[in-house]
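In: got a structure for you, letters missing:
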């Protein structure tokens, strides 16, 4: 491996983009093993910072990510994956296609909380049904939805 | 600010996408001040991890990024910016449109160095001319090009 895992405690940043639609789906993190498994299998694997373990995307929900193209950046501490989603075609644990379903208002000085506007809110699956209590206990579900 | 700056030592991860073409241009990092300035001015500001300082994109090269849309993700520790590039329309310090100008070969077990293939290699500006020695000294130029 010649990617730079040193800058961020053994992790590189992964940007995941929907190959067909072009929207950014999520940001993930990979250690060397997650990167190796992703390259070998063509299925996205990540390092979960909250759970502290390797994680094959979709191992619980069935909504995997097939890697169409992988690129690295100039200083080799980040990768960009173009993926095809399987199953419900959702990448977010909230059931949505993308984790980036809220827009931030621009132009004003954000003294307090940011002004967030919901966009792309369609649920492709019911997270309670898919993850249940076990998922919540593993940190799959977050309160910040 | 209600984004989560705690997970990564005061920084959030920013994914920068070309609004028109859809390609991912770069990954940057923002502290609270960089985020505030980006929201207020509509121009992308970052925190440089290598230089340890605030950085208005394009302050040396003139190639700024005008923010068209900003989104945050489910757990609010990352943002996605869709931008219009000004000037030479290059976001990489190597002079290229995107920092992600090399593809990683998939399928084989990467025992040694990754197999990288150059794609999108057109130089939109000459980095020696734009940054010169001062830029290199500031860490703007890297050896991993």
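Out: Cool, the structure landed. Note that the coordinates shown come from a computational prediction; the quantities given were computed from them, not determined experimentally. Numbers count the residues shown, from 1 in each chain, chains lettered A, B, ... in the order given.
In: residues contacting residue A:17?
Out: Residue A:17 sits next to A:23-25, A:80-83, B:24 when contact means Cβ atoms under 8 Å, 6 or more residues apart in numbering or on different chains. Where you see a C-beta, it was placed from the backbone N, CA and C, and this is true even at glycine.
In: next step: the residues you listed restricted to helices.
Out: The helices, defined by DSSP state H, take in nothing from those.
In: ok, which stretches of chain A are strands?
Out: Taking DSSP state E as the criterion, chain A contains strands spanning A:12-18, A:24-30, A:45-48, A:53-56, A:65-72, A:78-85, A:102-104, A:116-118.
In: on that earlier part again, take the contacts of residue A:17 and write them to a markdown table, including pLDDT.
Out: Compiled in a markdown table, the contacts of residue A:17 are given as follows (pLDDT from 0 to 100):
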| residue | pLDDT |
| --- | --- |
| A:23 | 97 |
| A:24 | 98 |
| A:25 | 98 |
| A:80 | 98 |
| A:81 | 98 |
| A:82 | 98 |
| A:83 | 98 |
| B:24 | 98 |
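In: looking at these, which is nearest residue B:116?
Out: For the contacts of residue A:17, the residue nearest residue B:116 by Cβ to Cβ is residue A:80; the value is 13.1 Å.
In: ok, the closest one - how many residues close by?
Out: If you count neighbours by other Cβ atoms under 10 Å in any protein chain shown, residue A:80 ends up with 27.
In: now for residue A:56: which residues touch it?
Out: By Cβ under 8 Å, 6+ apart, the contact list for residue A:56 reads A:37, A:43-45, A:64.
In: drop anything exposed from those residues.
Out: The neighbour count (16 or more other Cβ atoms under 10 Å in any protein chain shown) marks A:37, A:43-45, A:64 as buried among those.
In: just the ones of those residues in helices?
Out: Short answer: these in helices (DSSP H) are residue A:37.
In: tell me which of the buried ones among the contacts of residue A:56 is nearest to residue B:73?
Out: residue A:44 (16.0 Å).
In: once you drop chain neighbours, what's closest to that closest one?
Out: Spatial nearest neighbour of residue A:44, excluding adjacent residues (Cβ to Cβ, 6 or more residues apart in numbering or on different chains): residue A:65 at 3.9 Å.
In: sorry, back to before: write the ChimeraX selection for whichever of the contacts of residue A:17 are buried.
Out: The ChimeraX selection below is limited to those of the contacts of residue A:17 classed as buried (16+ other Cβ under 10 Å):
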select /A:23,24,25,80,81,82,83 /B:24
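In: make CSV out of the contacts of residue A:17 and add distance to residue A:33.
Out: Formatted as CSV, those follow (distance: Cβ to Cβ, whole Å):
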residue, distance to residue A:33
A:23, 28
A:24, 24
A:25, 22
A:80, 20
A:81, 16
A:82, 22
A:83, 19
B:24, 24
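In: for the contacts of residue A:17, which one is nearest residue B:70?
Out: The nearest one, if we look at these relative to residue B:70 and count by Cβ to Cβ, is residue A:24, at 11.8 Å.
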